[in-house]
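>>> Requesting a structural model of the entry that follows:
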Amino acid sequence: MNMSHANVYAVIDLGSSSIRGMIAHKLKDGMVSPIACESLPTEGCIKHGAVYNIDGTTEKIAEIIARLNQKLEDNYTINKLYIGLGAQSLRSEEEVIRLELDENGEEIRDTHIAKVFDEIEQLSFPRRVIIDYLPPYYEVDGRTEAFPRSIVCREFVAHVSLITVKDWVYNNVRTVVEDRLKMELAGILPTPLCEANIMLSPSQRQLGAVFVNIGGGTSSVVIFQDGVFRRLRLLPFGGKNVTKDLESLHLTEEQAEEIKLQYAGATTYADRDKTFEIPSFDGVEMRMMRVIDVNRYTSARMREITENIFEVVKASQFEHLINAGFVFTGGGTKIKRFDELLKNYTRNYTFNTQLSSVIDHNNPLSSIPEMATAIALAYVADEDCVKPIAQDLQSLFNNTSSNKTQTYTSGQHDNDSNDQLSQTQEVLLNTDDEDAEGIWSKRFNEFDDNDSHIEPEYSAKNKNHADESTPRKRTRNPALTKIKSIFSQMVETFKETSDDNDEL
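Okay, the predicted model is just below:
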């Protein structure tokens, strides 16, 4: 992929179990096409979706970035990051903004809409940071209107949902990215909302749906109704809590995790007489365990998680408006017989891990289930996250000279291009920066004209020379193509130098 012709988005998903990174670009229709993805276990540096150990998190992300950089074209590097956040303290705040209008009625104009957004910008919450807010929906004389402009009314009310997180969670992310990694923070994205926006169809959001992700350290609940986002809440437990509970059976964390995946169920009535063996404490003899003992712990925890999910929906007062039902995803939903547990609360549910509406189906990386969240984050991203590596001119020319083509069909053509390169090198290295870009433009045009030449097709009539009637084709000179790529980087170097001088 040519980096100079397509934006590349770099996203990091801070999960409680794993930190995942992805670089991706978007096709013309907006579909996400991953370039590369990497994952590392958190090993305790992320807890409940928040940065807990700053040094540990920095090391993990730095390693992921180093791996991803290797998948980029030469001389390009990641310089910005989007961070997906699913911390326990992440939640939505619902605010109502009322504007005073003439008692006889007043036409809603752009000035009224601007006033609403001005008030949104002034909102703040103690010890919390606003990381995003959704477009408001409006009530005009008690009627919901998506586009209130030009409507005459006496009462104009805006409802806005803001996504907030505790200030220390926000500050820790900035410390990792900006202070430790020395990179630009392109944005902090609310992971649950990004997932819900692409996993729920427009029809589901219109009819009313609840999107639930039972992750490792947290479980998120996102509610849509009447096509509008209504509520976001995170619960402080997930699949890791099940593992922790099983450790009460005198198991190591590794044993508990393995037993959870192989034997644990969300109910107790199945496999009551089933047993299995694990290594005993001395590692020599085997220890027998009953599945029902495991399920007593797992079923109790899964019931607690499920009850809290439905309590969030009930507290939102949209409980009776969820006509499209519940959509569940996440590792916690893979525990055996979780669907049977759900039937005690609702019959209107489905399981979904598909992102079919936003992915490049011809790209095999799109089908990796563990990367679904990273794809959701990349879909929201809109800032290019890579840049050419700035080098001084002498280094750029040295790199170019080592890549000159040694042989080519037209030897004279190749010699000419190398002569042009040498001439331009001599001029640029003895020119002030403010004149260099003009010289570059002139030379580039010359190279562009000469970057192809006419090569006769092979002629059966004359094995040494094609006759004049033989069709001719246009071919590319690899040496000049490389030179043009290097010169493009020079422009970036000149611009960055110029910007730095302006700041000084």
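
>>> element containing R149?
In this structure, R149 sits in neither a helix nor a strand according to DSSP states H and E.

>>> Begin at 56, not 1, for the rest of this chat.
Fine by me, first position is 56 from now on; the one you just mentioned is R204.

>>> May I have the predicted confidence score for it?
Per-residue confidence at R204 stands at 93 (pLDDT).

>>> Same check on L448?
54.

>>> before we move on, what about F336?
At F336 the predicted local distance difference test score is 78.

>>> where does it fall, helix, sheet strand or coil?
Under the three-state scheme (DSSP: H, G, I helix; E, B strand; the rest coil), F336 adopts coil.

>>> quick one: it from D348, how far?
Plainly put, F336 is 17 Å away from D348 if you go by Cβ to Cβ, to the nearest Å. For glycine as for every other residue, the C-beta is placed from the backbone atoms N, C-alpha and C.

>>> cool, A429 as well?
Separation of A429 from D348 (Cβ to Cβ) stands at 37 Å.

>>> With neighbour numbers in mind, choose between these two.
Counting neighbours by other Cβ atoms under 10 Å for A429 and for D348 shows that A429 has the greater number, 30 against 12.

>>> quick one: the nearest residue to that one once chain neighbours are set aside from K135, how far?
Distances taken as Cβ to Cβ, 6 or more residues apart in numbering place M77 nearest to A429, at 4.0 Å, with adjacent residues excluded. The span separating M77 from K135 equals 14 Å under the rule Cβ to Cβ.

>>> Tell me the buried residues in stretch 206-214?
Going by neighbour count (16 or more other Cβ atoms under 10 Å), the buried part of stretch 206-214 is 206, 208, 211-214.

>>> Please apply the same query to stretch 159-176.
Counting neighbours by 16+ other Cβ under 10 Å, the buried set in stretch 159-176 is 161, 163, 167-168, 171, 175.

>>> Please flag which of those residues sit within helices.
167-168, 171, 175 (DSSP state H).

>>> farthest pair in those?
Of all pairs drawn from these, the one with the longest distance (Cβ to Cβ) is H167 and I175, at 13.3 Å.

>>> Can you pull the residues that touch both of these two?
For the pair H167 and I175, no residue contacts each of them under the criterion Cβ atoms under 8 Å, 6 or more residues apart in numbering.

>>> one step back: out of the buried residues of stretch 159-176, which comes closest to T97?
I175 (34.5 Å).

>>> so what's the residue nearest to the closest one when sequence neighbours are not counted bridging to?
With Cβ to Cβ, 6+ apart as the measure, V215 is the residue that lies nearest to I175, at 5.7 Å, once sequence neighbours are left out. Assessed by DSSP bridges, V215 has beta-bridge partners E150.

>>> so V215 touches L189, yeah?
Yes - in this structure, V215 sits in contact with L189. The criterion is Cβ atoms under 8 Å, and the distance is 7.0 Å.

>>> More neighbours: those two, which one.
When V215 and L189 are compared for neighbours, V215 comes out ahead with 21 against 18, by other Cβ under 10 Å.

>>> Against Y434, how distant is the residue nearest to A429?
Per Cβ to Cβ, M77 is found 11 Å from Y434.

>>> Between these two, tell me which one has more neighbours.
More neighbours sit around M77 than around the other of M77 and Y434, counting by other Cβ under 10 Å; the figures are 28 against 23.

>>> How about the secondary structure of the more buried one?
Here M77 is recorded as strand under three-state DSSP.

>>> For it, give its distance to I101.
Relative to I101, M77 is positioned 17 Å away (criterion: Cβ to Cβ).

>>> what sits up against stretch 149-160?
Counting contacts by Cβ under 8 Å, 6+ apart, the residues outside stretch 149-160 that touch it are 167, 170-171, 174-175, 178, 191, 207-217, 286.

>>> Just the terminal-to-terminal distance for it.
Separation of the first and last residues of stretch 149-160 by Cα to Cα, to the nearest Å is 27 Å.

>>> buried sites along that stretch?
Within stretch 149-160, the residues that qualify as buried are 150, 152, 156, counting by 16+ other Cβ under 10 Å.

>>> Per-residue pLDDT of the last one, please?
Reading off the confidence values, L156 has pLDDT 93.

>>> Look at it and give its secondary structure.
For L156, the reduced secondary structure class is coil; criterion used: three-state DSSP.

>>> ok, and the helix or strand in this protein with the lowest average confidence?
Between all helices and strands in the chain, the lowest mean by mean pLDDT, DSSP states H and E belongs to strand 507-511, at a mean of 42.

>>> next one: phi and psi at the nearest residue to T199 once chain neighbours are set aside?
Distances taken as Cβ to Cβ, 6+ apart place Y192 nearest to T199, at 6.4 Å, with adjacent residues excluded. Listed backbone geometry of Y192 is phi -110, psi 160, with angles given as degrees, to the nearest 10.

>>> ok, what's across the strand from Y192?
Judged by DSSP bridges, the bridge partners of Y192 are H214.

>>> Report how many residues lie close to it.
When neighbours are counted by other Cβ under 10 Å, Y192 registers 19.

>>> OK, contacts around it?
199-201, 213-214, 283.

>>> Pretty sure V382 sits in a helix.
No - remark: V382 does not belong to a helix; assigned using three-state DSSP, it is strand.

>>> Neighbours of it, how many?
V382: 21 surrounding residues under other Cβ under 10 Å.

>>> Could you list which residues are in contact with it?
For V382, the set of contacting residues under the criterion of Cβ under 8 Å, 6+ apart consists of 254-255, 259, 264-267, 404-407.

>>> Try it again at 10 Å.
In this structure, V382 makes contact with 250-251, 254-256, 259, 264-268, 277, 404-407, judged by Cβ atoms under 10 Å, 6 or more residues apart in numbering.

>>> Any idea what it is bridged to?
Assigned bridge partners for V382, using DSSP bridges, are F266, T405.

>>> How about V220?
With DSSP bridges as the criterion, V220 is bridged to V184.

>>> Can you give me the pLDDT of R288?
You'll see R288 listed with a pLDDT of 96.

>>> Tell me the secondary structure at it.
strand.

>>> any idea what sits nearest I74, other than its immediate chain neighbours?
Ranked by Cβ to Cβ, 6+ apart and with sequence neighbours excluded, the top spatial neighbour of I74 is K115, at 5.0 Å.

>>> list the buried ones in stretch 119-130?
Neighbour counts using 16+ other Cβ under 10 Å place 119-120, 123-124, 127, 130 of stretch 119-130 among the buried residues.

>>> The residue nearest to Y64 when sequence neighbours are not counted and M341: what is the separation?
Once its chain neighbours are removed from consideration, Y64 has its nearest residue in A436; the separation is 3.9 Å (Cβ to Cβ, 6+ apart). Taking Cβ to Cβ as the criterion, A436 is separated from M341 by 51 Å.
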